[in-house]
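> let's see this in three dimensions:
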Amino acid sequence: MTPEKLQSIAFKWFETFNNKELEKLLSLYDEDAVHFSPKLKIHKPETNGFVTGKEALREWWQDAFERLPSLNYKVKSLTANGDRVFMEYIRTVVGEEDLLVAEVLDIKENKIIASRVYHG
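Coordinates of the predicted model:
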């Protein structure tokens, strides 16, 4: 996959996330995608930070959108190569300190198959 195609998926990811378009966001993912986030470890400790599949992603993000209506990601940088996009962004929520986040999207056949979030 070309770096341009990978970046276009990442930009679509940011657009749908920031607009809270949950179904469009989920359409970017493979049915069996795996997602890791330190925030999952905090808010849903039984997951050990991992969720698998679109239904689990739907539940996680719906909860986040409801709890944090001002949640927004501001892109700092994107690097795409092979089958992966490295994203760096600022997580903003009204009333919380901004958080620097790095996230990796693994992409196969135009779908995100795995994503991993790292907080700075």
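
> list the helices and strands the helix or strand where Ile9 lies packs on?
Following DSSP states H and E, the helix or strand that holds Ile9 is helix 3-18. Secondary structure elements in contact with helix 3-18, counted by 3 or more Cβ pairs under 8 Å, 6 or more residues apart in numbering; DSSP states H and E, are helix 22-26, strand 72-81, strand 84-92, strand 99-108. C-beta: built from backbone N, CA, C; applies to glycine.

> residues contacting the residue of the chain positioned farthest from its centre?
Residue distances from the centre of the chain (Cα atoms, centre = their mean) peak at Gly95, which lies 21.5 Å from the mean C-alpha position. The neighbours of Gly95, taking Cβ atoms under 8 Å, 6 or more residues apart in numbering as the test, are Ser70.

> and Glu46, by the same measure?
Applying Cβ under 8 Å, 6+ apart to Glu46 gives no contacts.

> which pLDDT does the model give Met87?
Looking at Met87, its pLDDT is 97.

> cool, the one 5 residues further on as well?
Among the per-residue scores, Thr92 shows a pLDDT of 97.

> and it, how many neighbours?
When neighbours are counted by other Cβ atoms under 10 Å, Thr92 registers 15.

> what residues sit buried inside the helix holding Ile9?
Leu6, Ile9, Ala10, Trp13, Phe14, Thr16, Phe17 (16 or more other Cβ atoms under 10 Å).

> backbone phi and psi for the closest residue to the fourth one other than its chain neighbours, please?
Once flanking residues are discounted, Trp13 sits nearest to Leu28: 5.8 Å by Cβ to Cβ, 6 or more residues apart in numbering. As for Leu28, its main-chain torsions (degrees, to the nearest 10) stand at phi -80, psi -10.
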